[in-house]
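Engineer: Provided below for reference: sequence and predicted model.
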Amino acid sequence: MDFGREINLLYIHELLRNLGISIIGIFIPVYIVSEGFPIYYAGLFIILSGTVSLLCSYPLAKFISGFGFKHSLIASYLLTIPGLAIIQTVNLSLSVILVSAVLYNLGRVTHGICLKSEFAVESDDDSRDKDSGRMLSIPNISRVVAPLLGGTIFAVLGFSQLLLISITILAISILPLIMTKDHRDPFDYDIKSMISQDYISVVPLFTIRGIQSTSGVAIFGLFIYYLIGGTIDVGGARALDSLGFTITGLVTGRLIQKHGRSNILVLGAIGAAIAHSLRGFVATPTQVFILSMTAGIFFQIYHVPLYSRFAELAEEEDILEFYTIRRMFSGIGNILTILTLIASYFFLGLSQAFIVTFMLASFSTLFMAYQYQKIR
């Protein structure tokens, strides 16, 4: 790996951070329900991810523009780590869940805006598809191991030991950032930008990404825990999902150069939509694992061209503004997904609520393939 390119240090940082987050992140909603709280308490933790994205992306971006991408990446840990710690160190209650969710997601939103902005700066125009494939594969190698490891630690040693290991790894992940330069970008955010011709075609894609990520990770994790098995099954499913998109990411960047982004994205979207629609009907751990691996493969096939095109659009417009708007509308997608789950739960029951939510993700993914044609 050529350390002359700072983007490679970004890969290492993200690999370590993914390990620290993935070892515990998917288990926070599971931990809440395992402590005897109803599913809508776990849903509240998840929906605050979208709410924080929607309401706080703008002020956080103002902070990032003055403080710098790298410094803000490091500062995000001052929110993420306390957000993780409080959920275990204080007696769990509704107020603790709320505070934990807000702190954790403030850190997550700050990190997301900074990371994608830094990638847009550091990636090269002539190798952006390959860089996107690496960015979406190399850091995610840790996600292949982390969820299964986290599920095992949770089951054997308990959530407190899992939390301690996670925080230690997160602290170590800061070290590669120290060796990189900082970048800043002026933030000239204007509410009219969200309804301008430049963004009117792309914001539905931001919302769909929020639906897909919430449904495919947090909601599917709860589905497995409630209806299939325990924390090891939840971790195993996430690990195989990650293995699928880690392997595929590097290959997809090369396929794009031969067949074009649009064709590759449509292929991935169709496969991912089918996988989403099947999630609510799996009944055994083996079926869960096979579907997770398949879903991970098709996810990355559509995500690499989408991620790469987003980076290009960000440079064409305004990097920080673009990723701030992306985070806000992704938050809307998160909120829509959780509201769908909770409303369906009260009207149809638990198992049907999961099916409805997964079908929402399926139809949204098909619409994504259509909408992408307007920004390609």
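Structural biologist: Looks like it came in fine.

Engineer: grab the nearest non-local neighbour of His303.
Structural biologist: In space, and not counting its chain neighbours, His303 is closest to Leu136: 6.2 Å by C-beta to C-beta, 6 or more residues apart in numbering. (C-beta placed from N, C-alpha, C; glycine too.)

Engineer: how far away is the residue sitting nearest the centre point of the chain from Ala314?
Structural biologist: Using C-alpha atoms, centre = their mean, the residue of the chain that lies closest to the mean C-alpha position is Ser213, 5.7 Å off. Applying C-beta to C-beta, to the nearest Å, the value for Ser213 to Ala314 is 19 Å.

Engineer: and what of Ile178?
Structural biologist: Between Ile178 and Ala314 the distance is 25 Å, computed by C-beta to C-beta.

Engineer: quick one: which of the two has more around it?
Structural biologist: Ala314 (22 against 10; other C-beta atoms under 10 Å).

Engineer: contacting residues for that one?
Structural biologist: Listed by C-beta atoms under 8 Å, 6 or more residues apart in numbering, the contact set of Ala314 reads Lys116, Ser117, Ala120, Phe322, Tyr323.

Engineer: in helices only, show me those residues.
Structural biologist: Using DSSP state H, the members of these that fall in helices are Lys116, Ser117, Ala120, Phe322, Tyr323.

Engineer: out of those residues, who's nearest Tyr302?
Structural biologist: Ranking the ones in helices among the contacts of Ala314 by separation from Tyr302, with C-beta to C-beta as the measure, puts Lys116 on top at 17.1 Å.

Engineer: nearest residue to the closest one in space, please, no chain neighbours.
Structural biologist: Lys116's closest residue in space is Tyr323 (C-beta to C-beta, 6+ apart), at 4.7 Å.

Engineer: how many neighbours does the one you found have?
Structural biologist: 28.

Engineer: surely it touches Phe119?
Structural biologist: No. Tyr323 is beyond contact range of Phe119, at 9.5 Å (criterion: C-beta atoms under 8 Å).

Engineer: picking up where we left off before, distance of the residue nearest to His303 from Ala146?
Structural biologist: Distance of Leu136 to Ala146, computed by C-beta to C-beta: 16 Å.

Engineer: okay, now the unreliable bits of this structure?
Structural biologist: Residues of the chain that meet the criterion pLDDT under 70 lie in 1-6, 89, 123-128, 179-198, 250, 253.

Engineer: now with 50?
Structural biologist: Along the chain, segments meeting pLDDT under 50 span 1-4.

Engineer: can you tell me the helix or strand for the residue nearest to the centre of the chain?
Structural biologist: Using DSSP states H and E, Ser213 falls within helix 203-213.

Engineer: helices or strands next to that helix in the packing?
Structural biologist: helix 285-316, helix 319-348, helix 350-372 (3 or more C-beta pairs under 8 Å, 6 or more residues apart in numbering; DSSP states H and E).

Engineer: Ala171 is nearest to which of the ones you listed?
Structural biologist: Of all those, it is helix 319-348 that lies closest to Ala171, at 24.7 Å by C-beta to C-beta.

Engineer: buried sites along the closest one?
Structural biologist: For helix 319-348, the neighbour count (16 or more other C-beta atoms under 10 Å) marks 319-338, 340-342, 344-345 as buried.

Engineer: run the chain-centre distance for stretch 350-363.
Structural biologist: Its chain's average C-alpha position is 19 Å from that of stretch 350-363, according to C-alpha atoms, centre = their mean, to the nearest Å.

Engineer: which residues sit against that stretch?
Structural biologist: Stretch 350-363 is contacted from outside by 39, 211-212, 215-216, 219-220, 222-223, 226-227, 273-274, 276-281, 336-337, 340-342, 344-345, 348, using C-beta under 8 Å, 6+ apart.

Engineer: now with 7 Å?
Structural biologist: By C-beta atoms under 7 Å, 6 or more residues apart in numbering, the residues outside stretch 350-363 that reach it are 211-212, 215-216, 219, 223, 226-227, 273, 276-277, 279-280, 337, 340-341, 344-345, 348.

Engineer: same question, stretch 281-294
Structural biologist: Residues from elsewhere that reach stretch 281-294 (C-beta under 7 Å, 6+ apart): 224, 228-229, 233, 236-237, 240-241, 243-244, 275, 278-279.

Engineer: now do 10 Å
Structural biologist: The contact list for stretch 281-294, computed with C-beta atoms under 10 Å, 6 or more residues apart in numbering, reads 147, 216, 220, 223-224, 227-230, 232-234, 236-245, 247, 271-272, 274-276, 278-279, 351, 354-355, 358.

Engineer: from these, which would you call buried?
Structural biologist: 147, 216, 220, 223-224, 228-229, 232-234, 236-245, 247, 271-272, 274-276, 278-279, 354-355, 358.
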